[in-house]
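1. The sequence and its predicted three-dimensional model are supplied below.
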Amino acid sequence: MKIMTGKQTRARRILLYGPHKIGKSTWASKAPGVLFADIEDGLNDLDVAKTEHLKSYADVVSCVSWLVSNSHPYQTFVIDTVDWLEQLIFQQVARDASKGNIADIGYGKGYDAARAKWDFLLGGLNALRAKNVTIILLGHAKVTRFDNPETDAYDRYDVDLHKSSCGMIEEWCDEILFASRRVFVRTQDLGFNKERKIAAGDGERYIRTTETPAAIAGNRLGLPAELPMEWDAYAKFLPPANVAGVVVNGSSKVA
């Protein structure tokens, strides 16, 4: 048995989600040695290494398997996007069951089968991570109702995934980052005791790294609550190479 001491530096598993067209792919493109899995077919205007358009779950599995099994120069693997990948998984599950869609599979068995496919694919991504490849999952945001047992219910942003998938993905990731635009609200007096709220902003984009009532987020790096939406602003918090020793059988320390 080996007992590890100190912090163990490993490639990160990152989920960045946010509204459409906010620049998620551009953010990920600044990571070192990046390769995009083109699932959404929206990377034509981005000058990065990318796969052909992956149109099925089998295509994605084949891509990950190739990266795990072969030598290559890529240091970062980006899935663009995770919610489009979910649809490929749902389509595969429906085909396997000879159904039109996953909802036609009774008693929630379709979503159980989808979780099994997620589990298999995340295992492949873990094997790729073991080769020191950072994994970035990009996703879109949706507004969901949150029934907080301590307060009245309220709406907040979450990843645009089915609840059966969302928990798995969020638990798997080291960082869950929410991309947003700075918005200010001012009140305009309309007279006669009437007013209206007007949203305004200068287009500033930023990333939330910790959970708030408004959005799901979290990290294991002790990041500040907000970061500029730039890869380098996140990367400077990445830990240095691991220099911790390993205790073998609880007795001797090996450098």
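-> The structure has been received and is ready for your questions.
2. What's the local residue count around Ser65?
-> With neighbours defined by other C-beta atoms under 10 Å, the count for Ser65 comes to 13. From N, CA and C alone the C-beta is placed, and that goes for glycine too.
3. typo on my end, it should be Thr134
-> Residues near Thr134, counting by other C-beta under 10 Å: 24.
4. Tell me which residues touch it, please.
-> 11-14, 31, 75-77 (C-beta atoms under 8 Å, 6 or more residues apart in numbering).
5. That one and Cys63, how far apart?
-> 16 Å (C-beta to C-beta, to the nearest Å).
6. what's the answer for Gly23, then?
-> 24 Å.
7. the more surrounded of the two?
-> Each of Gly23 and Cys63 had its neighbours counted (other C-beta under 10 Å), and the higher figure belongs to Cys63 (20 against 16).
8. right, and the helix or strand after the helix or strand hosting the more buried one?
-> Remark: Cys63 resides in helix 57-69, with elements defined by DSSP states H and E. Once helix 57-69 ends, the next helix or strand along the chain (criterion: DSSP H and E) is strand 76-80.
9. What mean pLDDT does that next one get?
-> Average pLDDT, strand 76-80: 98.
10. Not counting its own residues, what contacts it?
-> 24-25, 28-29, 31-40, 42-43, 60, 64, 67, 85, 125, 128, 133-138.
11. ok, which stretches of the stretch 51-200 of the chain are helices?
-> Using DSSP state H, counting those that start in this stretch, the helices found in the stretch 51-200 of the chain span residues 57-69, 82-96, 109-129, 163-172.
12. Could you export those to CSV, including columns for distance to Gly222?
-> As requested, the helices of the stretch 51-200 of the chain are exported to CSV (distance: least, C-beta to C-beta, whole Å):
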stretch, distance to Gly222
helix 57-69, 30
helix 82-96, 25
helix 109-129, 21
helix 163-172, 19
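13. Buried deepest among those, which one?
-> helix 82-96 (a mean of 20; mean count of other C-beta atoms under 10 Å).
14. Low-confidence stretches in the stretch 101-250 of the chain?
-> Low-confidence segments of the stretch 101-250 of the chain, defined by pLDDT under 70: 183-202, 241-250.
15. cutoff 80 now
-> 147, 149-153, 183-203, 240-250 (pLDDT under 80).
16. Excluding chain neighbours, what is closest to Gly218?
-> Ile176 (4.9 Å; C-beta to C-beta, 6 or more residues apart in numbering).
17. Might one say that the one you found is in contact with Arg12?
-> No. The pair Ile176 / Arg12 is not scored as a contact, 11.6 Å apart, by C-beta atoms under 8 Å.
18. neighbour count winner among the two?
-> Ile176 (27 against 22).
19. ok, Arg208 - contacts?
-> Arg208 sits next to 177-178, 180, 215, 217, 225-226 when contact means C-beta under 8 Å, 6+ apart.
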